[in-house]
Structures are given as C-alpha cells and as structure tokens.
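S.K.: Mind looking at a prediction? Sequence and model below.
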Amino acid sequence: MDGSKWICIKRTKTKSLSSIPLLPVAEEILDRYKDHPEVKDGKYVLPVLSNQKSNAFLKEIAALCDITKPLTTHLARHTFATTITLTNCVPIESVSKMLGHKDLRTTQHYVKIVDRKISDDMQTLREKLEAKTKNENKSKEN
C-alpha cells in the first residue's frame, strides 16, 4: 500500500485479519532469517517456535540479563501495544487493528495508558496553550 513491507495474518483466536507495517528493526530481523529453510520455502517469515519454547528462551535471556520480571510472548505483545505504539502517539484504533481485536473495548481493557504518555500529552497541550497565549498577547500589543 505505502511501499513498505507489512505482515498480514489471520488471527487464530478471532479469525480477523491483522495487518502490521514493519518497522526497520523488524525488517532487519526478518532479513537475518531469509535463508532459513522454513523461510525459503515460503511457509513462514521467521522460523516458528512454539509459544512454550519461545517463553523458555525468553526466560533464559532474562536470567542472562539479570531481569527479574518474567518475560513472555504475552508481555512482548503488551509492551508493543503500550510502550512502542501508544506511548509514541499511535492511535488506539490502529493498535486495536494490529492486535487483531474485533472490538475497541478489548484493546482499552488490554492496553493500559502509561503515565508517561499522559505526561507527554499534557506537556504538548501546555506548549500549545502557551504558544496560543503568546500569539494573543502579541496581537493585543499591535
């Protein structure tokens, strides 16, 4: 659609189509695996692990990095929704679609709006209001 690469999949749980534009770091990861047999035959875009195996590897990574929070694929999905998208001003409707939710209310329950996002939004509003006040004051002076 826009010249960039997208992953388009049918979600297992909801049977809904989910389309996700790839960020550059995701494209780099996909490129690393382009010669893997499961990828070369066109069946997958990455070698597929079970959720259980992925979580076991994440647990090992956490231990090596002294991370005490349990890392899971579900936590990765939640982090994508909050820290990566919502905190960076991606609208909740877009996040909902990328997560494959059929109902926006599901995303609203699933995705907590982080305090940092609220703080950033209010700072942007403060700056806009200050600029508006300055412009109004300049207009009054002239």
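M.R.: All right, it came through fine.
S.K.: Could you point out which residue ranges in this structure have low pLDDT?
M.R.: 1, 110-113 (pLDDT under 70).
S.K.: can you pull out the strands in it?
M.R.: Here the chain has its strands, by DSSP state E, at 6-10, 17-21.
S.K.: helices and strands around the last one, which ones?
M.R.: The one in question is strand 17-21. strand 6-10, helix 92-99 (3 or more CB pairs under 8 Å, 6 or more residues apart in numbering; DSSP states H and E). C-betas here are computed from N, CA, C, even on glycine.
S.K.: now, of these, which is deepest in the fold?
M.R.: helix 92-99 (a mean of 17; mean count of other CB atoms under 10 Å).
S.K.: before we move on, back to that, what's the closest of the helices and strands packed on strand 17-21 to residue 25?
M.R.: strand 6-10 (13.7 Å; CB to CB).
S.K.: For residue 12, what are phi and psi?
M.R.: Phi and psi for residue 12, reported as degrees, to the nearest 10, are phi -60, psi -50.
S.K.: For residue 139, see how far away it is.
M.R.: As judged by CB to CB, to the nearest Å, residue 12 and residue 139 stand 58 Å apart.
S.K.: So residue 108 versus residue 92, what's the distance?
M.R.: When residue 108 is compared with residue 92 (using CB to CB), they lie 7 Å apart.
S.K.: Then residue 117?
M.R.: 11 Å.
S.K.: Repeat that for residue 16.
M.R.: From residue 16 to residue 92 the distance is 16 Å (CB to CB).
S.K.: Residue 17 too?
M.R.: Distance of residue 17 to residue 92, computed by CB to CB: 19 Å.
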